[in-house]
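# Test case, fold it:
(chains A and B)
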Amino acid sequence: MATAEEVAKAAERRDVRDRWLLSAPALLVIFLAATGPLLIVLVYSFLTPGAYGDVKWQFSPEAWLSVFMERDIFDDTLSLAGAHVTIFWRSIKLAVVTTLATLALGFPTAYFMATRSEKTRDLWLFLITIPFWTNLLIRTFAVLQIIRNEGIINTILLKLGIVSAPVQILYTDTAILIGMAYVYLPLMVLPVYASMEKLDFRLVEAGYDLYATRFKVLRKIIFPLVKPGVIAGSILVFIPALGAYVTPSVLGGGKNMMLSNLIELQFGQGRNWPLGSALSITVMIIVMVALLAYVRNAGKSGVRHG
Amino acid sequence: MPDKPDRNAIEVVNVSKIFGSGEGQVAALDTVSVSIRENEFFTLLGPSGCGKTTLLRLIAGFDFPTAGEILLYGQDIAPLPPFKRPVNTVFQSYALFPHMTVADNIGFGLEMLGKPKAEIKARVAEMLKLVKMEALAGRRTSQISGGQQQRVALARALAPQPKVLLLDEPLSALDYKLRKEMQIELKRLQHETGITFIFVTHDQEEALTMSDRIAVMSSGKILQVGSPWDIYDKPAERFVADFIGESNFLTAAITGMGNGKARATFKSGATIEATVAEGFQPKDNATVVVRPEHARLTKGKGDLSGTVENIVYFGTDTHIHVHLDSGEAFTVRQQNTRSAGCGFERGDKVGISIGNDAAQVLKD
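Numbering: from 1, shown residues only, chains lettered A, B, ... in the order given. The predicted structure is shown next:
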């Protein structure tokens, strides 16, 4: 006869087996849909480009070398590679500026929402999510309609006589930033709001009571306590902003190449799939570094409230 | 206390606070005036919703009065934001900053005032010692107990040496024993620092044991201000007598007045002498209040007569509920001895004698 201990052990084994079986479909999907393609990209980045796209199954570190370095070979596609650093820098800069812009706009928005009454809060939350219902491309074209030379802003400025000729906003860096800030704002507002909603506003009163001015209360009390939300929002904005494709192309007019354009080029006209793969992974590494910094920072502050 | 200097730290002059607008507007405070003396332990006492916390918040600056003035040593502070008032608050929830250590919490006010680092350090050390929290200076506020948080909240509010310290039901979250301890602690702190304390509570016992003076509030008004003794023994209104301690209310005719005293005659014909509340307007049927421990039950004839209805034993004393012949109810509290019962039984015909200085005529 089995002892109680043996029965318990068998039950535990069964339990573990069942759990694996039950989660198998999910694991399969995660592997095939997420990890699998990434592995393919990783493998491709170490192969040789084929003549008409695709890859030749022949190991080559060439793609990784040309991510940042320029090799002086007479080849018209590779002549672009010299601008890689500039393009990386431009994309990172845009992602950072977009993050800062959405933070500057999103933080007060989240504060405003969190200080409303419970009922109206839900309404504001609902309004914030409305842009998610519309396709990104359509939203971007909406911005284009507003800022183009014959658009709303310029028409009003002309009518009011503030300017005599339309202000060129479209196809400038400003246009890209306006579009990016608009598109990614909800991604900043939502996590900041989630933190802000948990904030105990009696602490704000305590701050005022202890001689802290409004700015000091913001800096010393509100900001440290909603920092996890700010960091989460920044990551959520930074990652897609770094690889943004539609918005910079439409609003920037493709004058300045972004990382996403560069990668796209490798898989299209460039016919250099390995380089495209290597560039993609480089972007991923940048994102991972940012994520690690986030995890570290969040772990260090360790503030739990609410 | 007679040795208190007669200088007012806070003067509240005709202050009203109305929340909401139109149909839904509520007067949380209705033309309230009160003076709080320097170095006084002053208590705002009343049931929840009476406006005591609103008044405290107006003094702190978290809300602004709809009408009236709040003077701090003669200067109107009502329009100033809280960070410009030399007044600090101990919050009901303590509201300690969770992202700072105990020491940082205590030093926060001084830091915001721009005091030099060395001075802040010395003052924080002094405060930690005052509230006996030296050992936990480096802890996060989430890592200390409720009683300790309470001490930190006190130290934080006292550190900038405010002219007035406001305490919003600071003991309500503590268990009974800790609350008793903190009551004594608060009295000690008030004595040692010499700061004017304005204390808000709904606990009448807390108010009686700690305060120099008490203001009893109800429905946005201050009903009576006085020493605990005044409030307990000479309540001005029925609400005050009812809210604080237990009371017997009797209807009597006032048959003579003079020298702050009145002769009250009951329906039975018995007449007693009673003190009269300030502002009493002579009328036919006045209400006389007698505290249960100020009346004595006798086997013979007293000022009032009735039948014992119920006897409740409380350990230190016994409450004897009497149904008066006039139809009113009356409770007598009798000190217990070890040797015997209270000496009465249910159904006994008894008399109640009310001493010479035991009754007060209410103004309403």
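
# host element of residue 190?
By default, I'm working from chain A. helix A:173-198 (DSSP states H and E).

# try chain B instead
helix B:176-193.

# likewise A:A24?
Following DSSP H and E, the helix or strand that holds A:A24 is helix A:4-30.

# Buried residues, that helix. List them.
Across helix A:4-30, burial judged by 16 or more other Cβ atoms under 10 Å in any protein chain shown covers no residue at all. Any C-beta I mention is one placed from the backbone N, CA and C, and that applies to glycine too.

# That helix: what's the following helix or strand?
helix A:36-44.

# For that following helix, enumerate the helices and strands it packs against.
Helices and strands touching helix A:36-44, by 3 or more Cβ pairs under 8 Å, 6 or more residues apart in numbering or on different chains; DSSP states H and E, are helix A:273-301.

# Get me the contact residues on the stretch 151-300 of chain A for chain B.
Residues of the stretch 151-300 of chain A found near chain B (Cβ under 8 Å from any Cβ of the partner chain) are A:200, A:202-203, A:205-213, A:216, A:220-221, A:224-225.

# Stretch B:277-290: end-to-end distance?
13 Å (Cα to Cα, to the nearest Å).

# How far does that stretch sit from its chain's centre?
Relative to its parent chain, stretch B:277-290 has a centroid offset of 23 Å by Cα atoms, centre = their mean, to the nearest Å.

# outside of that stretch, which residues touch it?
B:234-238, B:241, B:247-254, B:257, B:262, B:264, B:272, B:274, B:330, B:354, B:358-364 (Cβ atoms under 8 Å, 6 or more residues apart in numbering or on different chains).

# what do you get for stretch B:230-243?
Outside stretch B:230-243, the residues that reach it (Cβ under 8 Å, 6+ apart) are B:45-47, B:204, B:208, B:214, B:216, B:218, B:223-224, B:226, B:244-245, B:247, B:249, B:275, B:277-279, B:287, B:289, B:291, B:360, B:362-364.

# Out of the residues of the stretch 151-300 of chain A next to chain B, which end up buried?
Here, 16+ other Cβ under 10 Å leaves A:200, A:203, A:205-212, A:216, A:220-221, A:224-225 buried among those.

# So which of those residues sit within helices?
A:L203, A:E205, A:A206, A:G207, A:Y208, A:D209, A:K216, A:P224, A:L225 (DSSP state H).

# The fifth one and B:G61 touch, don't they?
Which is A:Y208. Yes: if you go by Cβ atoms under 8 Å, A:Y208 and B:G61 touch, sitting 7.4 Å apart.

# thinking again about what came up before, tell me the helices and strands packed up against the helix holding A:L190.
Using 3+ Cβ pairs under 8 Å, 6+ apart, helix A:173-198 sits against helix A:84-114, helix A:118-129, helix A:136-147, helix A:223-242, helix A:246-252.

# State the distance from B:T193 to chain A.
Counting by Cβ to the nearest Cβ, to the nearest Å, the gap from B:T193 to chain A is 17 Å.

# Check chain A for its longest strand and report it.
strand A:55-59 (DSSP state E).

# and that one with helix A:273-301, angle?
Taking axes from the mean of the first three to the mean of the last three Cα atoms, to 10 degrees, one finds that strand A:55-59 is oriented at 70 degrees with respect to helix A:273-301.

# related to what we said a few turns ago, would you list the buried entries among the contacts of stretch B:277-290?
B:234-238, B:241, B:247-248, B:250, B:252, B:254, B:262, B:264, B:272, B:274, B:330, B:354, B:358-363.

# taking those residues one by one, which sit in strands?
Reading strands off those with DSSP E, I get B:248, B:250, B:252, B:254, B:262, B:264, B:272, B:274, B:330, B:354, B:359-361.

# Return the closest of these with respect to chain A.
For these, the residue nearest chain A by Cβ to the nearest Cβ is B:Q360; the value is 40.0 Å.

# Let's see the pLDDT reported for that closest one.
The model reports B:Q360 with a pLDDT of 91.

# same question, A:D75
54.

# Check the spacing between the residue lying closest to A:T109 once chain neighbours are set aside and A:L125 real quick.
Among residues not flanking A:T109 along the chain, A:V189 sits closest, at 5.2 Å (Cβ to Cβ, 6 or more residues apart in numbering or on different chains). Using Cβ to Cβ, to the nearest Å, we find A:V189 at a distance of 9 Å from A:L125.

# Check B:G258 too.
Taking Cβ to Cβ, one finds B:G258 at 71 Å from A:L125.

# These two - which one has more neighbours?
Neighbours were counted for B:G258 and for A:L125 using other Cβ atoms under 10 Å in any protein chain shown; A:L125 has more, 16 against 8.

# so the more buried one makes contact with A:R116?
No: A:L125 is beyond contact range of A:R116, at 9.8 Å (criterion: Cβ under 8 Å).

# which neighbours do A:Y208 and B:G61 share?
With Cβ under 8 Å, 6+ apart as the test, A:Y208 and B:G61 both reach B:P81, B:P82, B:F83.

# Now that we have those, which of them are buried?
Judged by 16+ other Cβ under 10 Å, buried ones among the shared contacts of A:Y208 and B:G61: B:P82, B:F83.
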